[in-house]
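**Student:** got a structure for you, letters missing:
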Ligand code: SF4
Ligand code: SF4
(Lines give C-alpha, C1' and ligand atoms only; values in the text may rest on other atoms or scores of the structure.)
(Ligands and ions follow the chains in the order given, each with its own letter.)
Protein backbone atom coordinates (compact mmCIF):
# COMPACT_ATOMS: atom_id res chain seq x y z
CA UNK A 1 0.00 0.00 0.00
CA UNK A 2 1.01 3.60 -0.50
CA UNK A 3 1.45 5.77 2.58
CA UNK A 4 1.80 9.52 2.95
CA UNK A 5 4.28 10.96 5.41
CA UNK A 6 2.17 13.54 7.15
CA UNK A 7 5.26 15.38 8.36
CA UNK A 8 6.51 15.89 4.81
CA UNK A 9 3.24 16.53 2.96
CA UNK A 10 2.65 20.20 2.19
CA UNK A 11 -0.96 19.73 1.13
CA UNK A 12 -0.24 21.00 -2.36
CA UNK A 13 -2.89 18.74 -3.89
CA UNK A 14 -0.88 17.51 -6.87
CA UNK A 15 -1.45 13.90 -5.86
CA UNK A 16 -5.18 14.53 -5.60
CA UNK A 17 -5.27 15.76 -9.19
CA UNK A 18 -3.04 12.92 -10.40
CA UNK A 19 -4.85 10.01 -8.78
CA UNK A 20 -6.95 8.16 -11.41
CA UNK A 21 -9.07 6.55 -8.70
CA UNK A 22 -10.00 9.72 -6.80
CA UNK A 23 -8.57 7.98 -3.77
CA UNK A 24 -6.81 11.00 -2.27
CA UNK A 25 -8.34 13.92 -0.43
CA UNK A 26 -6.88 16.83 1.51
CA UNK A 27 -7.83 16.82 5.15
CA UNK A 28 -6.47 19.43 7.54
CA UNK A 29 -3.96 20.53 4.89
CA UNK A 30 -2.58 17.00 4.49
CA UNK A 31 -3.20 14.41 1.80
CA UNK A 32 -5.03 11.26 2.84
CA UNK A 33 -5.36 8.06 0.81
CA UNK A 34 -8.56 6.06 0.92
CA UNK A 35 -7.03 2.60 0.76
CA UNK A 36 -10.29 0.99 -0.27
CA UNK A 37 -10.20 3.03 -3.52
CA UNK A 38 -6.45 2.91 -4.17
CA UNK A 39 -5.35 0.83 -7.19
CA UNK A 40 -1.69 0.74 -6.15
CA UNK A 41 -0.62 2.43 -9.40
CA UNK A 42 2.01 4.66 -7.79
CA UNK A 43 1.21 7.73 -9.87
CA UNK A 44 0.75 9.85 -6.75
CA UNK A 45 4.21 8.95 -5.50
CA UNK A 46 5.70 9.94 -8.85
CA UNK A 47 3.87 13.26 -8.84
CA UNK A 48 4.61 14.37 -5.28
CA UNK A 49 7.18 17.19 -5.41
CA UNK A 50 8.47 16.50 -1.90
CA UNK A 51 8.53 12.68 -2.02
CA UNK A 52 5.99 12.38 0.76
CA UNK A 53 4.39 9.25 -0.69
CA UNK A 54 6.04 5.86 -0.57
CA UNK A 55 4.98 2.26 -0.97
CA UNK A 56 5.07 0.09 2.07
CA UNK A 57 5.02 -3.68 1.81
CA UNK A 58 4.44 -4.03 5.51
CA UNK A 59 0.90 -4.32 6.73
CA UNK A 60 1.12 -3.12 10.30
CA UNK A 61 -2.51 -3.94 10.99
CA UNK A 62 -2.27 -7.66 10.25
CA UNK A 63 1.43 -8.46 10.68
CA UNK A 64 2.29 -7.25 14.19
CA UNK A 65 5.26 -9.60 14.37
CA UNK A 66 6.91 -7.68 11.54
CA UNK A 67 6.46 -4.27 13.09
CA UNK A 68 9.40 -1.93 12.98
CA UNK A 69 11.10 -0.50 16.07
CA UNK A 70 9.15 1.71 18.40
CA UNK A 71 9.58 5.14 16.72
CA UNK A 72 8.52 3.76 13.35
CA UNK A 73 5.66 1.92 15.01
CA UNK A 74 4.39 5.15 16.52
CA UNK A 75 4.71 6.87 13.16
CA UNK A 76 2.89 3.98 11.50
CA UNK A 77 0.10 4.20 14.03
CA UNK A 78 -0.49 7.85 13.33
CA UNK A 79 -0.23 7.33 9.57
CA UNK A 80 -2.91 4.67 9.79
CA UNK A 81 -4.99 6.81 12.09
CA UNK A 82 -4.78 9.85 9.87
CA UNK A 83 -5.39 7.85 6.73
CA UNK A 84 -8.03 5.61 8.28
CA UNK A 85 -6.01 2.63 7.08
CA UNK A 86 -7.43 -0.02 9.32
CA UNK A 87 -7.46 -2.69 6.63
CA UNK A 88 -4.72 -3.97 4.39
CA UNK A 89 -5.36 -4.75 0.75
S1 SF4 B 1 -1.33 4.63 -5.85
FE2 SF4 B 1 -2.58 5.29 -7.63
S3 SF4 B 1 -4.72 4.85 -7.05
FE4 SF4 B 1 -3.50 4.75 -5.17
S5 SF4 B 1 -3.67 6.81 -4.26
FE6 SF4 B 1 -1.79 6.78 -5.53
S7 SF4 B 1 -2.45 7.54 -7.56
FE8 SF4 B 1 -4.31 6.96 -6.41
S1 SF4 C 1 1.63 15.79 -3.81
FE2 SF4 C 1 2.83 15.28 -1.95
S3 SF4 C 1 2.98 17.22 -0.84
FE4 SF4 C 1 1.35 17.48 -2.35
S5 SF4 C 1 -0.54 16.95 -1.21
FE6 SF4 C 1 0.18 15.07 -2.23
S7 SF4 C 1 1.46 14.03 -0.70
FE8 SF4 C 1 1.19 16.14 -0.02
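**Tutor:** Structure received. All of these numbers come straight from a predicted model, not from anything done at the bench. Numbers count the residues shown, from 1 in each chain. Ligands and ions are numbered 1, 2, ... in the order given.
**Student:** Quick one: end-to-end distance for stretch 2-20.
**Tutor:** End-to-end span of stretch 2-20 (CA to CA, to the nearest Å): 14 Å.
**Student:** can you list the residues of this structure near ligand 2?
**Tutor:** 4, 9-15, 31, 47-48, 50, 52-53 (CB under 6 Å from any ligand atom). Bear in mind the C-beta positions are built from the backbone N, C-alpha and C, glycine included.
**Student:** Using PyMOL, make a named selection holding only the buried ones among these.
**Tutor:** Under the burial definition 16 or more other CB atoms under 10 Å, those of these that qualify are selected in PyMOL by:
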select buried, resi 4+9+12+14+15+31+48+52+53
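**Student:** could the residues of the chain next to ligand 2 go into a markdown table alongside pLDDT and secondary structure?
**Tutor:** A markdown table is the format used below for these (pLDDT from 0 to 100; DSSP: H, G, I helix; E, B strand; the rest coil):
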| residue | pLDDT | secondary structure |
| --- | --- | --- |
| 4 | 95 | strand |
| 9 | 97 | coil |
| 10 | 97 | coil |
| 11 | 97 | coil |
| 12 | 98 | coil |
| 13 | 98 | coil |
| 14 | 98 | helix |
| 15 | 98 | helix |
| 31 | 97 | strand |
| 47 | 96 | helix |
| 48 | 97 | coil |
| 50 | 97 | coil |
| 52 | 96 | coil |
| 53 | 96 | strand |
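**Student:** which ones are touching residue 14?
**Tutor:** Residues in contact with residue 14 (CB atoms under 8 Å, 6 or more residues apart in numbering) are 47-49.
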